[in-house]
Every structure is written in structure tokens, then in C-alpha cells.
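Peer 1: What would the 3D arrangement of this be:
(chains A, B and C)
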Amino acid sequence: MAVEAFAKTNLMEDMDDDDDMPLVFKRSSTTSKQNQSNSSSQKQDGRSGRQVPDIRSPNGQSSSTHKVKTVTSSKASPAVSPLTSPKASPLSSRTSPAPNSRPSSSAGNQAKNVNQQSNVTPKESKQAVEPKSEPNDEAEDSDDDKLLSSRVPSGLSKSTSVHAKKVLCTSTSVQKSRPPKKEDSDDETPLASRFPMKSNAGASTSKFSSSEEVKPKIRQNGLPSATVLSKRPPGEVKSAAQASVKKPRLSDASTPVSSKQPPFKTEKKTEDDDDDVPISQRIKKAVDSASASASKVSYVKKATKVVSSSMKKTKKKLKKPKYSKSSKLQPSSGDGQKWTTLEHNGVIFPPPYKPHGVKMLYKGKPVDLTPEQEEVATMYAVMLDTEYMTKEQFKENFMNDWRKILGKNHVIQKLEECDFTPIYEWHQSEKEKKKQMSSEEKKALREEKLKQEEKYMWAIVDGVKEKVGNFRVEPPGLFRGRGEHPKMGKLKRRIRPNDITINIGKGVPVPECPIPGQRWKEVRHDNTVTWLAFWNDPINPREFKYVFLAASSSLKGQSDKEKYEKARRLKDYIEGIRSAYTKDFASKDPVKRQIAVATYLIDKLALRAGNEKDDDEADTVGCCTLKVENVEPVPPNILKFDFLGKDSIRYQNEVAVYEPVFKAIQQFRSGKKGSDDLFDKLDTSKLNAHLKELMPGLTAKVFRTYNASFTLEQQLTKLTQGGELADKIAVYNVANKEVAIICNHQRTVSKSHSVQISRLNNKIDELKAILEEFKVDLARAKKGKPPVKGADGKAKRNLTPQALQIKIDQTNVKIDNIERQIDTKEELKTVALGTSKINYLDPRITVAWCKRHEVPIEKMFNKSLLAKFAWAMDVEPSFTF
DNA sequence: AAAGGGACTTGGCAACAATTTG
DNA sequence: CAAATTGTTGCCAAGTCCCTTT
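Peer 2: Sure, this is the predicted structure:
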């Protein structure tokens, strides 16, 4: 029943409508949201420190998992395949920390990248050097689908590497052998084109198999069929289904249409969720109005709701009739139309500036400033304790903009002579004051604000009340660019109504301009876009700032779902794509060679595409914009990456690659300077255009989603083994961490980190002292002697040896727990798990896993994630990515 | 093909809120 | 109960990827 219960969870639906947000999803029975433990703390037998995840999963196994409520511990882990084991080195040894060196901060200690860091050496070298060909071919089949990502060497995931090795790197033998088979001749033919052909042939078969497979479920990834490339089942399968579709035009990422029958899913969907389908499909063709309407109906009824006891307020007001929050997504209609009716109240502006009158000093003397001048001075003063004060660029940009407001002949001429501390201190004391307010006062304030903002918080889209994401106009301030942004410190001026364009349904009232005497810049009625309002970014006028619906809205949910469906589809094409680019590593056409290598890197390392950037932006790169100096080849086949990626987060990694790739990189570098583009014949549009030939709608970023979700599922399958709830949660976190590392989602080490660690160490010391004492007492008790005196000099109670032994055991457990806590804390100090959870991991994987293992979903997803992923909550327990 | 406009997703962090600890 | 921690949310910067125009 757990399962069942789960399924029911749903959001509330219409009737109750209460508008407030509380949607709670709970499982009926247990629930208890409250005690969330911190995952980390628990004990677990299973995972010892070294869990090196090895991605390779075994076959997968058993299908039946679902439905089983009981434990089943044995399930997944069959013996580990031999392959795996080799790699599993003890990496656990602490990964050496410091992965990230953020530019700004820390200096460099970082070792290498998150991934492999220190330990690289040993194993790495080994691998690198000796390519192992071990991987058997057949084994291969089973895992064909694996991701490449595994950076080989990396510490943590070494296992992953297995795959890598096999497929991509090294083993010459392997590699070689493979390609030949399939490819045979046509190098140039796009895979896509090839697929179809084959598919036809096998269509019938494929269909079968596919369906069958589905049911059994779990296995999936193995796509056994993959076996020999030559068949490339996936491709075919798919193609068959879609063949027709594609032609029509494609580009739409969303797939096609009619396809309702995509091989795999078909089956399942029938069961219960039809919702899957609709979404993407309708896109194009569709639109069959008929169907559309139909679907709508269905979705409505579908929602079942379970109201938890806790939902108290549910019934409050019913203002507008229908706010349903069904988890079902409504179909999007073809042609780009995003909504039919749209109502909202516009945006809210920050309050006007209130002068404080605190005077800053110039050359030691107080200066009078107009409110406008003071406002800007305050923006700067408030940042006195930030890193920005160490950046010349920031100060210079600030001064240039401030000077415009001060006027040419103002007393204040040089920033160096300015002393903003009075304002800074005033600000600090204001902050303090606020902090000191009683909780009632704070609450009152909050309510006040809420009341004021409430009307802006919601929009009604196609009759459904949806939350608006950011309805507050950005207040003026100094631009805080990341990394070495050329524009940091510039004044971001105040936005006024006449900077703003409103988008709203026709025939509904246009939000009144909240500032008297002013008006909106423009009002549009464009239902092909989802934004409610936008204005030009004051820092870069050619860019825009949009107001969108919140992540929990069905409009966002729908596209989120489509994103994951597309990534899932990639699974069916990946093998063909890999074999195609593998072949192209040696192509004589340099463009092809670069595309092949770039695709390989994106596939294996989950790199971002890497669009070109302007000079007035921070200098960061992605795959297509890598510079020669960012990739250093170290014979025999290691590539050392070191560059600043998005948000100027450093990416450092050492990876053993397939030899042709290594050679190609060396060749791309030859004759160039360090600052030259590594891929000089490539850019993201060429790359994506190529990817699109391989799979409809495929772009570089899909690989990241695919890689992340695939890895999560794989890790969960591999690591989950019965045990306590806490153990399962720990497993999930380990899997999540793997993904975060692959995606290079970093965070800065909190300032209190070292303090926290030493505090824990102290605790361990204390416990150890206690432990020793117990041991002494135990020895004495056995001889019938009384315990020694405690530190405080007081005599202790006499305990039996058994009782003492219990105490000793308990203390040991405590120590172990703390040690484990230290380990995870250390491991996660630079890794951010949230980003992947929000953006890369198909929530259905998590939901299905929770259902299978009786883990309450609210242990994994917080309230906002539950709302964002409402569309995924009723997935079957047997779902596989 | 390159440039530019446009829309939407992805990201890290700081402020806040909720909990746990001492 | 205050202080310390940890979890959430808001903020807004920074990417990706289209699509249209030159």
C-alpha cells in the first residue's frame, strides 16, 4: 500500500481550491514531515566510506520491483561485475578537497578538480597507461547505454570510468573492433539517415521487443539490444515511429506528434497516465482539436487528492472558481501557442529611496549629498565588506557612474578620498535593529508586505490560477557581475513603468500602473510567449529581464517534462551517436573531426556548449570556446582541463581519453597560441545543427540532462540495498553527489566549515575519553571492582559488565556516526547538490525510486520541489529513465 | 555566414526561516 | 531560551538555443 497511497498523492483540486499555496503532498500513512533527519547522520552499515559509485550497473535486474513493498534487500545488487571491481579503488580516501578554487577566493589550494583530485594518480595513471581492453565485448552490450561521462580517472566515479574506457577510451582493441562493425562505410551519412533504413527492416521486431521490455521494466538501460551496433535498435525503433514525423519539419524539439506510439512508452502510458503523451505531441500537428479537448477533460478528473491532516487552511476562500492544481499537464497546443487566456496584475515596484541623511566623509570632512547622490553612495557603502572592494574594475565603474550623478564640479572627485564608513555603520545598525525586533513585529511586517504583494503573486492562465515567479521589479543597485566581469560596479538604474512592457490576454483588464502619473511602455497580447512583463536590462540594454510564472506553474512544468522526455529519447540514439563520432575522430574533414571531438567531450564530460561571448562579459568558456591553454594533453592519453566555466566557476579535471581523441586534440592545438580557440572551425550553432541531424531536437545541453539523470538512476540501482530509511536517503545523496560532481556544481566552502569540523573532532575526542573510561570500568567490573571515579570526582554507579559493554558499543556507534558526518561534510563542502536536483534530474526517477523503496517523497523533495514536480508525482514505481 | 534580437533555462549565493543544540 | 546550524527562498546573473535580419 504504500505504493498506492503514494499514487494518490496529488495536489488538490478544484473544489477546494484554496488558493493558497499550500499544497501538501503527503503520503497518507506515515508521513511525518517533521523529522527530517539530516541525511548525513546516520549510520549505516552499508555504505562505508568508500562508496565509490560505480556506475556500471549490472544488469539490472529484476523487474518486479515495483509493488514490492517489503524490502527486498537483495534486489539489486547482484554481484558486481568483474569489471567493476578493478576500478574500485579505494578512493574514498578523502577526496582531496578543494576542488574549487573560485577565482576570487581561496587561493589556490585546490587540487584538481572535484573529481579526481588527488587520488588521481595512482589509478589514473594506471588506467591511462594501460588501456585496458578488458571490457568485454559482450559485457558491453549490457551496458551500452552507459554514459561516458565517467571521467575515467576520477576518483569518485571511477567506476564510471569503466565505461569510458571501454567505449571511448583506450582499449584500442575494443574500440577498434567496434567501429568497424557497424560503420562500415558511410562515414558521412548522418546517423539519422541511416537509422531509418535499418529501422524499417527491423521495425516489426523492434516493436515487439520494445514493448516487452517495457514491462519488465527496470532493465532498461541496458538495452540489450544494443548489442551489436549494427543493429542499433534504438535508432530504429524510434525512427520507425517517428519517421514520418520527422520529415515534416522538425525542428521542433518536441517531438512529434503522432507518435504516440513511441515504442517504449506506449505501453505504459496506456495505463495510467496519459498525460505523458499529450504534451509533446500536440505540438505540431496536432492540435486536433478533438483530442485536445478530450485530454483536457481527462486531466481534470484525474486528480485525486489526499488532503493531509495538516492542511488546515484549505478551505479558505474561494474566490475564483477554478484553481486546480492538477498534476496533469495540459496539453500544449501546437504552433507555439502558449496560452489562450492570461490575466495578471503586473509587477510591483520597489519603494522610492528614503534618504537617511548620514554623511559620508571626503578628505575627512562630512559632505552634503542630494538624495540621488546619497542613494548611490549608500549602494557602495553597503558593499564595503565584500570582495568587490578589492576589484579595481568595480571601483572604477562605480566611480564613473557616480560621478555622472555628482556632476562635474562636485567636491568629491576621487574615490580614494571617500570614506563611506559612516553610512556603512548606519546600515549595519539598521540591520541590527531589524534583527532585534521581536518576532511579533517581524511577523506583522511580513504580513504587511504579503498583503501588499498578494495581488501580484498570481496570474490566471487558461482559467487556472498560477503563481508568478518574480513579480518584483529589480531595485536599483550596483551591478554585481561574477568573476572578472568588465561591468561590475556599474550603476543599475531604477526601472520605471515606462521601461516595462506588459503581456496579457486580450480583453482582460490591463494592470493599472502603480505609479501615479506614469504608464507602461507597451502592452502586448502575445500568446506565443510565456512572459508577463519585461524590461531592458539597464546594464546591457540589448538584453531583457522577464517576469515569468513560477516553477510550479503548469506552463513551466510542461516544458520541464518535455526537457526530460527529450533527454530520455537520447538514450535511444546515444549508441549510434557515439559510434558515429568515434568514426569521425579520424575523418579527414577537419570540421567533422572537431565536431566529433567536441561531441565526445560533451557526452563524456557533460560540458556546456560554449557560446561565443562579448568582450563586455566575463571571460568564461564552454566546450566550443575552449582555448588551447585550457586543455593540456599529457601522454599517453590524459587530457587536463582547466578553465572558467559558467559563473566563472573553475573546471579542473583530468581524463583519460580514447587515443584518437587525444591525437586529435594534439593536432587541434598544434601551431596555435594558448589563447587561440581549440576548436577553430566550430561554434555552437554548427555543433547543434549537426546534433539535430542525429536526433530531432537534439542540442548540446540535452547531453547534460541525459548524463545527469542517467547517472542518478544508475547509481540508485546500484547502490540501493534495503536497510533503514536513513540508509536509503544516504544512498540517494551519494548518487546525487555523483551527478553534482559530473556537472561541476560547486559552492564555496562556508566560513564556518573548519569550525564545524573541529567541533566535531572535539566531540569525538570526548567520546573517546569516555570510551576509555568505560573500558577501564569494564575490566574492573569483571574483577568485581567498583568503577573508577569520574572526572568530577564523584563515584559512579556500579554497572554490570554487560551494561558496560552496551555503553561501550553505544559510544562506538556514536563515534562512528560523527566520523561519518565529518566525512560527508568534508566531501560536500564544495559540492552543491541542489542545482542538479532542480534542473537536471528527472524527478520521475526519484519519485519512482521512492515508491519502490518506501521512502516518503518529502524526504527527497522540499515543498517547492514538490510543487515544481507535481507533474511527476504519479509516475509508476516501475518508471525508468 | 554572421549578427543580433529574443525567450527561456541554469546557477551560486545571501537573506531568511525553521530546527537543533548547548 | 539564545546561539548555532541547516534548510528554503529570493535574487538576479549567466548560460543555451532559436529565429530573423543583414
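
Peer 1: What values do phi and psi take at the closest residue to residue A:553 other than its chain neighbours?
Peer 2: Closest residue to residue A:553 apart from its sequence neighbours, by C-beta to C-beta, 6 or more residues apart in numbering: residue A:466 at 4.1 Å. Using the backbone N, CA and C atoms, a C-beta is placed for each residue, glycine as well. Main-chain torsions, residue A:466, degrees, to the nearest 10: phi -130, psi 150.

Peer 1: likewise residue A:459?
Peer 2: Here residue A:459 shows phi and psi, under degrees, to the nearest 10, equal to phi -130, psi 160.

Peer 1: and it, how many neighbours does it have?
Peer 2: Other residues within reach of residue A:459, judged by other C-beta atoms under 10 Å, total 27.

Peer 1: same thing with residue A:682?
Peer 2: 24.

Peer 1: wait, it sits on residue A:598?
Peer 2: Yes - between residue A:682 and residue A:598 there is a contact under C-beta atoms under 8 Å: 5.9 Å.

Peer 1: shared neighbours of these two, anything?
Peer 2: Listed as contacting both residue A:682 and residue A:598 by C-beta atoms under 8 Å, 6 or more residues apart in numbering are residue A:624.

Peer 1: Check residue A:193 and give its pLDDT.
Peer 2: Residue A:193 carries a pLDDT value of 29.

Peer 1: again with residue A:264
Peer 2: pLDDT, read off for residue A:264, is 31.

Peer 1: Disregarding flanking residues, what is the spatial nearest neighbour of residue A:523?
Peer 2: residue A:502 (4.8 Å).

Peer 1: The one you found bridge partners, please.
Peer 2: Using DSSP bridges, the beta-bridge partners of residue A:502 come out as residue A:523, residue A:533.

Peer 1: any idea how far it is from residue A:462?
Peer 2: Computed with C-beta to C-beta, to the nearest Å, the distance linking residue A:502 and residue A:462 is 18 Å.

Peer 1: Between these two, which is the more surrounded one?
Peer 2: Set side by side, residue A:502 and residue A:462 show more neighbours around residue A:502, with 22 against 17, by other C-beta under 10 Å.

Peer 1: sorry, back to before: what distance do you get for the residue nearest to residue A:523 to DNA strand C?
Peer 2: Residue A:502 sits 18 Å away from DNA strand C, taking C-beta to the nearest atom of the strand, to the nearest Å as the criterion.

Peer 1: Repeat that for residue A:700.
Peer 2: From residue A:700 to DNA strand C the distance is 4 Å (C-beta to the nearest atom of the strand).

Peer 1: Count the neighbours of the nearest residue to that residue once chain neighbours are set aside for me.
Peer 2: Nearest non-adjacent residue to residue A:700, counting by C-beta to C-beta, 6+ apart: residue A:609, 3.7 Å away. Residue crowding around residue A:609 was assessed by other C-beta under 10 Å; the count is 21.

Peer 1: Let me know whether residue A:609 touches residue A:687 as I believe.
Peer 2: Yes - using C-beta under 8 Å as the test, residue A:609 is close enough to residue A:687 to be in contact (6.7 Å).

Peer 1: what is in contact with the two at once?
Peer 2: With C-beta under 8 Å, 6+ apart as the test, residue A:609 and residue A:687 both reach A:623, A:624, A:700.

Peer 1: just the buried members of the residues you listed?
Peer 2: With burial judged by 16 or more other C-beta atoms under 10 Å, the buried subset of these is A:623, A:624, A:700.

Peer 1: ok, now how distant is the residue nearest to residue A:700 from residue A:833?
Peer 2: Residue A:609 is 24 Å from residue A:833, by C-beta to C-beta.

Peer 1: hang on, the earlier thing: ok, the residue nearest to residue A:700 - contacts?
Peer 2: Applying C-beta under 8 Å, 6+ apart, the residues near residue A:609 are A:602, A:622, A:623, A:624, A:684, A:687, A:688, A:699, A:700, A:701.

Peer 1: neighbours of the residue of the stretch 251-400 of chain A found nearest DNA strand B, just the number please.
Peer 2: Residue nearest to DNA strand B within the stretch 251-400 of chain A: residue A:338 (5.9 Å; C-beta to the nearest atom of the strand). For residue A:338, the tally of surrounding residues (other C-beta under 10 Å) stands at 19.

Peer 1: Next up, phi/psi of it, please.
Peer 2: phi -100, psi -20.

Peer 1: Give me the nearest residue to it, chain neighbours excluded.
Peer 2: Going by C-beta to C-beta, 6+ apart, residue A:338 has residue A:530 as its nearest residue, at 5.1 Å.

Peer 1: Per-residue pLDDT of the residue nearest to residue A:553, please?
Peer 2: For residue A:466, the predicted pLDDT is 96.

Peer 1: give me the number of residues near residue A:438?
Peer 2: Neighbours around residue A:438, by other C-beta under 10 Å: 8.

Peer 1: Relative to DNA strand B, how far out is it?
Peer 2: 12 Å.

Peer 1: Kindly report the same for residue A:689.
Peer 2: Using C-beta to the nearest atom of the strand, we find residue A:689 at a distance of 9 Å from DNA strand B.

Peer 1: Same check on residue A:447?
Peer 2: For residue A:447, the distance to DNA strand B - C-beta to the nearest atom of the strand - is 10 Å.

Peer 1: Could you find the closest non-adjacent residue to residue A:340?
Peer 2: residue A:462 (5.2 Å).

Peer 1: what's the one you found in contact with, if anything?
Peer 2: Counted by C-beta under 8 Å, 6+ apart, residue A:462 has contacts A:330, A:339, A:340, A:341, A:342.

Peer 1: my read: the fourth one touches residue A:463, true?
Peer 2: Yes - here residue A:341 lies in contact with residue A:463, judged by C-beta under 8 Å, at a distance of 6.6 Å.

Peer 1: Need the pLDDT of residue A:803.
Peer 2: Value listed for residue A:803 in the pLDDT field: 86.

Peer 1: what residues are up against it?
Peer 2: Counting by C-beta under 8 Å, 6+ apart, there are no residues that residue A:803 touches.

Peer 1: quick one: it is in a helix?
Peer 2: Yes - Residue A:803: assigned to a helix according to DSSP: H, G, I helix; E, B strand; the rest coil.

Peer 1: I'd like the distance between it and residue A:817.
Peer 2: With distances taken as C-beta to C-beta, residue A:803 is found 21 Å from residue A:817.

Peer 1: for residue A:403, same thing?
Peer 2: Residue A:403 is 59 Å from residue A:817, by C-beta to C-beta.

Peer 1: same deal with residue A:593?
Peer 2: For residue A:593 relative to residue A:817 (C-beta to C-beta), the value is 53 Å.

Peer 1: of the two, who's got more company?
Peer 2: Comparing residue A:593 with residue A:817 by other C-beta under 10 Å, the one with more neighbours is residue A:593, at 23 against 17.

Peer 1: How about the stretch 551-700 of chain A: which residue is closest to DNA strand B?
Peer 2: Counting by C-beta to the nearest atom of the strand, the stretch 551-700 of chain A gets nearest DNA strand B through residue A:559, at 3.8 Å.

Peer 1: before we move on, which element is that residue in?
Peer 2: helix A:554-584 (DSSP states H and E).

Peer 1: ok, that helix near DNA strand C or not?
Peer 2: No - Helix A:554-584 is not in contact with DNA strand C by C-beta under 7 Å from any atom of the strand; minimum separation 9.7 Å.

Peer 1: May I have stretch A:764-771 as PDB, with CA atoms only?
Peer 2: The C-alpha trace of stretch A:764-771 is given here as PDB (Å, rounded to 0.1, in the frame of the first residue of the first chain):
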ATOM      1  CA  ILE A 764      34.900  12.600  19.100                       C
ATOM      2  CA  ASP A 765      37.800  13.200  21.400                       C
ATOM      3  CA  GLU A 766      35.400  13.500  24.300                       C
ATOM      4  CA  LEU A 767      33.600  10.300  23.400                       C
ATOM      5  CA  LYS A 768      36.900   8.500  23.100                       C
ATOM      6  CA  ALA A 769      37.800   9.600  26.600                       C
ATOM      7  CA  ILE A 770      34.500   8.300  27.800                       C
ATOM      8  CA  LEU A 771      35.100   5.100  26.000                       C
END
